[in-house]
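A.B. asks: Dropping the sequence and predicted coords here.
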Amino acid sequence: MGKQTASLKGSLTLGTTAHPYDGQDGGTASQTGTSIFDPVLCELAYRWFSPPGGVILDPFAGGSVRGIVASKLGRSYVGIDLRSEQIEANREQGLAICDDPHPEWIEGDSRDIATLAADTEADFLFSCPPYADLEVYSDDPADLSTLEYSEFRQAYFDIVAASATLLKPDRFACFVVGEVRDKRGNYYGFVPDTIEAFRRAGLGYYNETILVTAAGSLPIRAGKQFEASRKVGKTHQNVLVFVKGDAKKATAAIGKVEFAEIEADEPRIDSGDDPDAEFGERL
Ligand SMILES: C[S@@+](CC[C@H](N)C(=O)[O-])C[C@H]1O[C@@H](n2cnc3c(N)ncnc32)[C@H](O)[C@@H]1O
């Protein structure tokens, strides 16, 4: 990883928002009991799926990471979140850390995103929504994390659809999500529901990638849990990528794959020929 990422990571430990990586199936909380959106995942997503100088739209902004990384990588960022204290903290961090383009955070209910971000023509839709009721962010009834799953699902579908209308044609979207269990211990199906929400919004389901999260205390808990209920410990999140329109045109709009700068004295690994290359199109 290049030097740029390490320094970004250093600045971003100021984040304030809890993150559902610390779910019922494991994950690691920070010392304050909250965790922060992974800035390396963020950097990769921006470099791979958004054009340099492009506009990122985030309907569930949470902490400042996605805005600050966007700015550091020369992307504009518009993030919406319901909670005023989070928006305020993000703006403060943005002012302390970022130069142009400054990330923009807007307070409001993303069900109104078409009005709140009316002038936005996004090049990339990127977010990490509430994972149903896994973490409850406030007692505001507009907060999706306070809703019963059927209501949550409806509001979530509405927000995905409204956000997708602000995405330019031939562009990518990416949501980081993870499964959540209901009170009986069954999964809600939040991952397939996210795929369905985007499909109904007219986007194609394009890449499924997995973020392996820190195991934390999972190895200690997993055996007991498995013995008692056959629940398998989970230590990953799903990074789902969608495309609005034509994937080849979306790729052309991004340009060449962007890499972080590598220090001249860092060893380089020559990967040689890829034996799977001929299967690449089918995987
Ligand atoms: C998973 S958290 C985001 C955490 C974020 N990924 C991070 O790393 O900081 C989801 C966010 O959605 C926000 N939220 C919930 N309902 C909302 C709504 N109707 N409109 C806008 N934001 C909402 C919550 O306030 C919370 O900050």
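C.D. replies: It's in.

A.B. asks: When you work out contacts or count neighbours from here on, use the C-alpha atoms and nothing else.
C.D. replies: Noted.

A.B. asks: Would you give the sheet partners of the longest strand along the chain, along with the direction of each?
C.D. replies: Of all the segments of type strand in the chain, defined by DSSP state E, the longest one is strand 167-177. Using DSSP bridges, strand 167-177 pairs in its sheet with strand 122-127 (parallel), strand 236-244 (antiparallel).

A.B. asks: Let me see the mean pLDDT of the last one.
C.D. replies: The average pLDDT for strand 236-244 rounds to 98.

A.B. asks: what about that strand, near the ligand?
C.D. replies: No. Shown here: strand 236-244 not in contact with the ligand (CA under 6 Å from any ligand atom), separated by at least 12.0 Å.

A.B. asks: contact partners of that strand?
C.D. replies: Contacts to strand 236-244, defined as CA atoms under 8 Å, 6 or more residues apart in numbering, come from residues 21, 167-179, 191, 195, 198, 202-213, 250.

A.B. asks: Mind checking if the longest strand of the chain is in reach of the ligand?
C.D. replies: No. Strand 167-177 stays clear of the ligand (CA under 6 Å from any ligand atom), getting no nearer than 8.1 Å.

A.B. asks: That strand: what's the following helix or strand?
C.D. replies: helix 190-200 (DSSP states H and E).

A.B. asks: helices or strands up against that next one?
C.D. replies: helix 149-165, strand 204-212, strand 236-244 (3 or more CA pairs under 8 Å, 6 or more residues apart in numbering; DSSP states H and E).

A.B. asks: just the angle between the last one and helix 149-165, please?
C.D. replies: Same thing as strand 236-244. 40 degrees (axes from the mean of the first three to the mean of the last three CA atoms, to 10 degrees).

A.B. asks: What angle do strand 204-212 and the helix or strand following strand 236-244 make with each other?
C.D. replies: With elements assigned by DSSP H and E, the helix or strand that comes after strand 236-244 is helix 247-254. Per the same axes, to 10 degrees, the angle that helix 247-254 makes with strand 204-212 is 60 degrees.

A.B. asks: Give me the contact list for helix 247-254.
C.D. replies: 48-52, 170-172, 243.
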